[in-house]
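Colleague: just need the structure, nothing else, for what follows:
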Amino acid sequence: MLFLLATPEYNNVQSNTTKVRVHLRSGVAEIFEQHQDLMGKIDNNIVEIETNFENKIEKIWFVLQDAVFIVSNQKAGASKTAFENTGTGVYVYAKRVKEINSSLSIEDLTKQYDQKFILFEAEKQSLLDQNLNLSDQTNNSKYGLLKEELEFLKKVMAVVKEFKT
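Modeller: Residues are numbered from 1 along each chain as shown. As a prediction, the model looks like this:
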């Protein structure tokens, strides 16, 4: 089964995926080969995949921001591409992604969070000094993006803490 995860800054393609697990509002969907066509929003922003690598099952977790997925049993298109497949394909599109693995440390995430928080506070103070409304997104897109990044890093840190226990 083909698994493709794409964001504006990250791509991951796995051709040896055996299972994909996504959380939807209606429950957990486990997608295997020959799964019915399906599309939806990933509710808890976590995707778990299992791959068969050298006859060993490997699990990989991703924390996503604003993620949607598509399951398709159709060929990738009329043209011959590297992604063309005759089986099931799971395509996930998100705004941001962080792969959760043993090398990802809470300390590194905390440093990233602290750096973003300093930038966020500076941007917030700059907007307040200009008497701009913080909820007005037309004047403060940088503020909104930094706020989203902080929320995403909080989610990643929570998942990593759970993953490490």
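Colleague: which residues touch residue 119?
Modeller: For residue 119, the contacting residues are residue 146, by CB atoms under 8 Å, 6 or more residues apart in numbering. C-beta coordinates here come from the backbone N, C-alpha and C atoms, glycine included.
Colleague: 23 is where my numbering starts, stick with that
Modeller: I'll keep to 23 as the first residue from here, and by that count the last item is residue 141.
Colleague: helix or strand: which one has it?
Modeller: Using DSSP states H and E, the element containing residue 141 is helix 128-151.
Colleague: just the buried residues of the following helix or strand past that helix, please?
Modeller: Next in sequence after helix 128-151, counting helices and strands by DSSP H and E, comes helix 163-186. Going by neighbour count (16 or more other CB atoms under 10 Å), the buried part of helix 163-186 is 165, 168-169, 171-172, 174-175, 177-179, 181-182.
Colleague: helices or strands up against helix 163-186?
Modeller: strand 78-87, strand 118-122, helix 128-151 (3 or more CB pairs under 8 Å, 6 or more residues apart in numbering; DSSP states H and E).
Colleague: relative to strand 118-122, how tilted is it?
Modeller: 20 degrees (axes from the mean of the first three to the mean of the last three CA atoms, to 10 degrees).
Colleague: how far is helix 163-186 from where the chain is centred?
Modeller: 11 Å (CA atoms, centre = their mean, to the nearest Å).
Colleague: what sits up against that helix?
Modeller: 67-68, 83, 85, 87, 117-118, 120, 122, 126-128, 131-132, 134-135, 138-139, 141-142, 145-146, 149, 156, 159.
Colleague: can you check stretch 66-83 too?
Modeller: Residues contacting stretch 66-83 (CB under 8 Å, 6+ apart): 25, 27, 36, 38-45, 84-89, 91, 114, 116, 121-123, 177, 181, 185.
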